[in-house]
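J.: Provided below are the primary sequence and the corresponding predicted coordinates.
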Amino acid sequence: MEDASKVQQVKSEANTNSASPEGPYVLKISRLTVDKLGVKLYDKASAVVAELIANSYDADAETVIVRLPLSTQLTRQNKKREQVDAGYVIEVEDDGHGMTPKEAIEYYLKVGRNRREYEGQGSRSREKKRPVMGRKGIGKLAPFGICKCIEVLSAGGKKTPEGYQVTHFFMNYDEILTDSDAPVPLQPGPEDRSFRPNRGTTIRLSNFLPKRVPDEDTFHRQLAARFVFADPRFEIWIEDSRDPDQSSHTKVEPLSVPVEDATRIDLATRPVITEDEKRLCVTGWLAMAKDPYKHEEMAGVRIYARNKIVATTRDFEQPAGFTGEFTIRSYLVGEVYAEWLDPDDGEDLIRSDRQGILWDSNYGRALRNWGTALIREIGAASRKPRREKTCKRFLEASKLEEHAKARYRQQEIVDAALDLGKRIGSFAAEDELEDDVYVSDLTEVILALAPHQALIQAFQELARLVAEGNVSMENLLDLFQKTRLAELASYAQIAAERVKSIRELETLVNSTNVDEDEFQQLIAKAPWLIEPTWSVITRNQTLRTFKTGFEAFWKQRTGNDVVLDIGGYEQKRPDFTLINVGHTLHIVEIKTRGHGFADNDFDRLIAYVHGFTDFFNDCKAFSVEFPRGWRIDLVADVVAIKDRSKKLLFEKLVEDGHIERLGWQDFLTRTKNAHQMFLDVNDEYEARRLTLEDD
């Protein structure tokens, strides 16, 4: 009963204050409301200013001037790294109808009240009958997301001989946000209850949190994205308070995003259909942008109601993994106008910060399904122009024609390279075309394939001539020349890869501080270094099966992990590298240059010898896959086993063919000798290429 009496007393005081224009300014709000609705939802200067501009619009303003320090950190740090008020002010001034002290008490200072249902305000503005943007009555708290002091200075009401009556007061965050939910008395300003010659409202923000005002272009884009500039009688101007010269007075213009015309869809004839077959009118457009987003404010589809943004989406809430996801989220743009998202009555579908809608509502689901269908349509329409643009970007970035002419003398091969470049380049990864390495690698692939493409085209042309009976010796000579060049290019490509690996091996062998991992990775990528007869055509699936089986076998047997590498992609340091050569399983063990293979190394190795022996005996399937068994290839400079029994056992394993040891210099020499042909072909190809470039 006592609590009820207190509530009644507060209500009685509120009614008394509302009835008297001379009553004190009192804000009736709970601590939780300020904290959640004021601070938590607005953390950008542009978002806060947009809420104040929306209030100006609802007050029938024609001009709003925003004064603030652009490109500025609103607070600074002292030597103790504490935030210190830098003395900056953000000011939003309008020429709207303003408000008297009585109107401020009755309307402005009542938070959370639906103004559209409140007698004396309604859903239309007082004079211009604009559909008002405000609804929940919490926009006035938005500044508390970036500052601690809000000053309200407004003149309105009927004009008197003295002018328009002024309401002037301050809202202080630290005073409002207390443990008490009781009404908070506000400090009047020096101009309160005085008169001004002109109507209008000015909101000043000060005592800022650690926030930053972006540069002029960014701030303009951020504001422009939040409004539809449908009323020519409403303008927003920005003034940089750091330089209040007239040149800093700039108008906010509608946001413009260049789009691919072929992908643009007019939404006027595309209504949203709800689950109960209700047709919801939509206007605006959707399209694919000409270029990937350069600025966050231009990203995605902006959804508006009552000339103010209510949501932004890049994919209409589709789950990740849909076809064309990267392209849609990088290029989809649009403006959707749906007044039914913010009706005067009915379900409230907009989040309090007006940066999202309730997608799981009936209308929200309908809008999501509608948008998903349009995305598919736009994606299909954009495929061809997007590929053409990607191809053009690739050809420009790669300088493919220039490189092809430098490498090949025949124009037919240059043309074949360009043809391949256009086809392959159109499917290039758009997000990687700025990466020089990616472009260079793709260019090299195309140049390597160009002679083969020219050869295929020559065969096709020869077949046509044969069918027409017009084959000449010149045609055959041309075909033979292209065949020779294609063969040479193939050998050169293989040779270049092998020469590159041999030189890398030579560098490692001649280095003093090289980790075993570097050798293991090189061997895994180029297993022919161990066995020259190795070729690309190997049973990698068998190796994967063996790897998985033996790792599990070893874990069960010893309780320890073993890592077998079959491709150089292991995240952990590998114990061995596996290679499949001529029906023999090669298990590569590497010791760095100069490291003696000692007793402890042998103890470790012999344990694996027994493990491999037992695993092969237990798993007969691998005896079929590897009929010649297995061999450990040990690369180590010196055998330094001191224990005689261990040394004898090691020599026995070598004699039986289970271990083959090579020193690093012997290993390098054998590799270079075995691949002399590739070195020669590579040299021949390089010499021919230089000759062609000189010609």
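T.: That came in fine, so what should we check first? All of these numbers come straight from a predicted model, not from anything done at the bench.
J.: how is this structure divided into domains?
T.: By the assignment in automatic domain parsing, the chain contains the domains 18-251, 261-386, 399-497, 512-662.
J.: now render those domains as CSV, adding distance to D680.
T.: Bear in mind the C-beta positions are built from the backbone N, C-alpha and C, glycine included. CSV is the format used below for those (distance: least, CB to CB, whole Å):
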stretch, distance to D680
domain 18-251, 60
domain 261-386, 45
domain 399-497, 8
domain 512-662, 15
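J.: how about these, which one is nearest R393?
T.: R393 lies closest to domain 399-497 among the domains of the chain, at 5.3 Å (CB to CB).
J.: average pLDDT for that closest one, rounded please.
T.: In this model, domain 399-497 carries a mean pLDDT of 75.
J.: what do you get for stretch 509-526?
T.: Here the average pLDDT along stretch 509-526 is 69.
J.: now the domains of the chain as a markdown table including distance to N673 and mean neighbour count?
T.: Shown next, in a markdown table, are the domains of the chain (distance: least, CB to CB, whole Å; neighbours: other CB atoms under 10 Å):
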| stretch | distance to N673 | mean neighbour count |
| --- | --- | --- |
| domain 18-251 | 64 | 18 |
| domain 261-386 | 49 | 17 |
| domain 399-497 | 15 | 16 |
| domain 512-662 | 9 | 16 |
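J.: closest one to R670 among the ones you listed?
T.: Across those, closest to R670 is domain 512-662 (CB to CB), at 7.1 Å.
J.: looking at this, Q222 is in a strand?
T.: No - read with DSSP: H, G, I helix; E, B strand; the rest coil, Q222 is helix and lies in no strand.
J.: which residues sit in contact with the closest residue to it other than its chain neighbours?
T.: Using CB to CB, 6 or more residues apart in numbering and skipping the chain neighbours, the partner closest in space to Q222 is S46 (3.6 Å). If you count contacts by CB atoms under 8 Å, 6 or more residues apart in numbering, S46 has them with 214, 219, 222-223, 226.
J.: which of the three states applies to S46?
T.: Following three-state DSSP, S46 is assigned to helix.
J.: next one: phi and psi at the residue lying closest to A59 once chain neighbours are set aside?
T.: Of all residues not flanking A59 in the chain, G96 sits nearest, at 3.1 Å (CB to CB, 6+ apart). Main-chain dihedrals, G96, degrees, to the nearest 10: phi -70, psi -170.
J.: am I right that G96 is in contact with G200?
T.: Yes - if you go by CB atoms under 8 Å, G96 and G200 touch, sitting 6.0 Å apart.
J.: anything in contact with each of the two?
T.: A61.
J.: picking up where we left off before, any idea how far I357 is from the residue nearest to Q222?
T.: From S46 over to I357 the distance is 20 Å, taken as CB to CB, to the nearest Å.
J.: then E106?
T.: Separation of E106 from I357 (CB to CB) stands at 31 Å.
J.: all helices of the stretch 1-150 of the chain, in order?
T.: For the stretch 1-150 of the chain, the helices defined by DSSP state H, counting those that start in this stretch cover 2-19, 31-33, 45-58, 101-103.
J.: what strands flank the top strand by length along the chain, and is each parallel or antiparallel?
T.: What stands out as the longest strand in the chain, according to DSSP state E, is strand 147-160. Sheet pairing of strand 147-160 (DSSP bridges) gives strand 163-172 (antiparallel), strand 200-208 (antiparallel).
J.: report the mean per-residue pLDDT for it.
T.: 95.
J.: what about that strand, distance to the chain center?
T.: 44 Å (CA atoms, centre = their mean, to the nearest Å).
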